[in-house]
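Peer 1: Generate coordinates for the sequence data below:
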Amino acid sequence: MSDQPNPDSKDWTWVLDSVCDECGQDVRDLDPGTIAGLVRDSVPRFAAALRQPDAGTRPAPQVWSPLEYCAHVGDMYEVMNRRLELILGQDEPTFPNWDQDEAAVRNNYAAFSPRLVAERLLATAEAFAVTLDSMGGAQLERTGFRSNGSVFTAATLASYAWHDAAHHLHDIGA
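Peer 2: Numbering: from 1, shown residues only. Now for the predicted structure:
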């Protein structure tokens, strides 16, 4: 698909301090254990969207299809899990840059099989949830840095990732 949505240039870290005015998600009081459960509970909702006959159809030329959103969420869980592993294993790491829009184009999300996207999303969601379940105590306050300088603790990174998934559930109406 040659007509790609405009890249998202927003700095979404503000969702860590307030309710998202687009999707209504409030992540401020969520702990990683709760987020692990939410991540697991979201997988059937994403999978149901992928089973729809129009899963690969964009609702508008500049809006990803449910298939593309689900492929993105699978990638996002993998990236966030790696970032959590860096936070837990290193002192104040800087995360490798991840451009989600470039990843969607490079990987051609629109051409993916819905079944394979569902399988991958299940696997990456579970790996992320397992890492979340393993965290506690002082680990939650360990920090890492995004390439733009944004600071995350393990706990806020978990909340940030959950908002991303929840926001995309809202985007696809699931």
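Peer 1: Please count neighbours and contacts with C-alpha atoms only from this point.
Peer 2: Will do.
Peer 1: Closest to the centroid, which residue in the chain?
Peer 2: Met76 (4.0 Å; CA atoms, centre = their mean).
Peer 1: Assumed that residue was part of a strand.
Peer 2: No - per DSSP: H, G, I helix; E, B strand; the rest coil, Met76 lies outside any strand segment and is helix.
Peer 1: what helix or strand does the closest residue to it other than its chain neighbours sit in?
Peer 2: Closest residue in space to Met76, ignoring its immediate chain neighbours: Ala161 at 7.5 Å, by CA to CA, 6 or more residues apart in numbering. Secondary structure assigned from DSSP states H and E places Ala161 in helix 154-171.
Peer 1: all helices for this protein, in order.
Peer 2: Assigned by DSSP state H, the chain shows helices spanning 32-50, 66-89, 100-107, 114-134, 154-171.
Peer 1: on that earlier part again, check the spacing between the residue nearest to Met76 and Pro32 real quick.
Peer 2: 11 Å (CA to CA, to the nearest Å).
Peer 1: Just the C-alphas of the helix holding Ala161, formatted as PDB.
Peer 2: In PDB, the C-alpha atoms belonging to helix 154-171 read as follows (Å, rounded to 0.1, in the frame of the first residue of the first chain):
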ATOM      1  CA  ALA A 154      10.000   0.400  34.700                       C
ATOM      2  CA  ALA A 155       6.500   1.200  36.000                       C
ATOM      3  CA  THR A 156       5.900   4.200  33.800                       C
ATOM      4  CA  LEU A 157       7.100   2.400  30.700                       C
ATOM      5  CA  ALA A 158       4.600  -0.400  31.500                       C
ATOM      6  CA  SER A 159       1.800   2.200  31.800                       C
ATOM      7  CA  TYR A 160       2.900   4.000  28.600                       C
ATOM      8  CA  ALA A 161       2.900   0.700  26.700                       C
ATOM      9  CA  TRP A 162      -0.500  -0.200  28.000                       C
ATOM     10  CA  HIS A 163      -1.900   3.200  26.900                       C
ATOM     11  CA  ASP A 164      -0.600   2.500  23.400                       C
ATOM     12  CA  ALA A 165      -2.400  -0.900  23.200                       C
ATOM     13  CA  ALA A 166      -5.600   0.500  24.800                       C
ATOM     14  CA  HIS A 167      -5.600   3.500  22.500                       C
ATOM     15  CA  HIS A 168      -5.400   1.200  19.500                       C
ATOM     16  CA  LEU A 169      -8.200  -1.000  20.800                       C
ATOM     17  CA  HIS A 170     -10.200   2.300  20.800                       C
ATOM     18  CA  ASP A 171      -8.900   3.100  17.200                       C
END
